[in-house]
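My questions are about this predicted structure, shown below with the sequence.
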Amino acid sequence: MGEREVVIRVRQLAKEYQLGVIGRGTLQREFQSWWAKKRGKEDPNEKIGQSHRPEEGHFYALEDISFDVYKGERIGVIGANGAGKSTLFKLLARVTAPTKGAIGIKGRISSMLEVGTGFHAELTGRENIYLNGAILGMKRGEVDEKIEDIIAFSECETFIDTPVKRYSSGMYVKLAFAVAAHLNSEILLMDEVLAVGDMKFQKKCLEKMTELSEDEQKTILYVSHNMETIRSLCDRCIVLDSGKIIFDGDPEKAIAVYLGSVVQMKQHYTYNEKLDLRKTSGKLRFCALDFKGNPAFAAAEGLTVCIRYQVKEKIEDLHIRLTIHNQEQQVIGTSVSESLGAFKKDSQKQVHLRLDTKMLAKGVYTAELVAVEPLGEGRQIRHAWLEHAFAFEIIEDAFTQYRLNWPVKQWGYTVYPDLEVLDDAVSTKGV
């Protein structure tokens, strides 16, 4: 067997951001930094020691990342929100430049990083297909040969000559994937955009990506929070945590590492302030959480926790939202508290919350914790958010009384109450 061909080589890659600031100063300083990097020299605008530890107000979205990607591989990239997955893909797609390190790429790249990227809103779907082909260096005749397959795969035939600004997010995704999968690129970057499409189309896309990898030796890099799609598609998986690679290898082992790194099951949790500042107003901070009782319990017992939090700015109407995920990080259900009331600035509070868990099957679960405030008309603002706030285990579910196992893969993670028999059991013999 010959040596495998490397199509992506990443070495000591890092991306640093300065919070709340665009750029680092004047155009002159930007040019100085770029020219120094081009010649392999030190950045004249970089402070001494900055390469080892970012100063206050800076953070590394990625730090010291190195790996190789071989032709025809299907690689999953998983990790919690903020782990650096999207930043890595933007660097590979050359949407943004690295702060340090090097990326070598052999071949053309098609990417789906966000819904609608790569499309011109005023152009029709058909015109955008030709535009994307031109970006990849394809001639019009080459696009002509594939355009009917692209349109058919996208399921957007009726609207292909309509400006894409009128497309739904699902239609955007369908057309964007069809374009990426059929045009002449050797590498596909898919950043969880398939989550927008319907289940039938997701399955169709996964099958297409497998086909492209096996039949045409195209290389696939795929980000997802859905572990089942990682299992079905990928032959290798990279786990990112806080901007660093913590595992690179077999998908099943990667999933186990990721789920183990998400949140540990324990009696007491203390939360770092920076963990809940993403995509929130920052008016509230979760400080700590305590289980009342053992975090491994029977479903009939229910779950009770005490949450301590700090209100930083005035809040008129606070609610707590709790979303339960299974071990595959699939959402099982959500519960929202009644109003906790209004709160003044700079106040320390705590609240006890209880969740009825009788409907949960046996297994390990994680909980997402969000502080929200209704704004009316179905809208709300999120003041604090912990994606993986705590974990717990149901060791005995309501189905145990029947002395049968509950196969969650086939029957689901929720155990509904017994079916109510409305009529007496009547023999129909002879009727």
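Yes, it's here. Residues are numbered from 1 along each chain as shown.

low-confidence ranges in the stretch 101-250 of the chain?
For the stretch 101-250 of the chain, applying pLDDT under 70 flags the ranges 114-117, 193-197.

That one: strands as residue ranges?
109-112, 187-191, 219-223, 236-241, 244-249 (DSSP state E, counting those that start in this stretch).

List the neighbouring strands of the shortest one plus their orientation.
The one in question is strand 109-112. Strand 109-112 pairs in its sheet with strand 187-191 (parallel), by DSSP bridges.

okay, the angle between the partner strand and strand 219-223?
Put simply, strand 187-191 runs at 10 degrees to strand 219-223, going by axes from the mean of the first three to the mean of the last three C-alpha atoms, to 10 degrees.

So what touches strand 187-191?
Under the contact criterion C-beta atoms under 8 Å, 6 or more residues apart in numbering, strand 187-191 has outside partners 7-8, 85-86, 89, 92-93, 105, 107-114, 177, 180-181, 209, 212, 218-223. Every residue, glycine included, has its C-beta placed from N, CA and C.

List only those of those flagged as buried.
7-8, 85-86, 89, 92-93, 105, 109-114, 177, 180-181, 209, 212, 218-223 (16 or more other C-beta atoms under 10 Å).

circling back: with respect to Y258, which of the strands of the stretch 101-250 of the chain lies nearest?
Checking these against Y258 by C-beta to C-beta gives strand 236-241 as the closest, at 4.9 Å.

same for the closest one, what does it pack against?
Under the contact criterion of 3 or more C-beta pairs under 8 Å, 6 or more residues apart in numbering; DSSP states H and E, strand 236-241 touches strand 74-78, strand 244-249, helix 251-262.

Quick one: end-to-end length of stretch 206-226, please.
12 Å (C-alpha to C-alpha, to the nearest Å).

measure the residue lying closest to D149 once chain neighbours are set aside to S154 for me?
Excluding its sequence neighbours, the residue lying closest to D149 (C-beta to C-beta, 6 or more residues apart in numbering) is H182, at 5.6 Å. Applying C-beta to C-beta, to the nearest Å, the value for H182 to S154 is 9 Å.

Which parts of the protein belong to which domain?
6-261, 268-411 (automatic domain parsing).

Using CSV, lay out those domains together with distance to E420.
Formatted as CSV, the domains of the chain follow (distance: least, C-beta to C-beta, whole Å):
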stretch, distance to E420
domain 6-261, 31
domain 268-411, 15
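
give the contact list for K204.
F153.

if we can go back for a sec, possible to save the strands of the stretch 101-250 of the chain as CSV with distance to E373?
Below are the strands of the stretch 101-250 of the chain laid out as CSV (distance: least, C-beta to C-beta, whole Å):
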stretch, distance to E373
strand 109-112, 33
strand 187-191, 30
strand 219-223, 31
strand 236-241, 31
strand 244-249, 35
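
mind checking which of those is nearest K314?
strand 236-241 (35.3 Å).

Partner strands of the closest one, with direction?
According to DSSP bridges, strand 236-241 has these partners: strand 74-78 (parallel), strand 244-249 (antiparallel).
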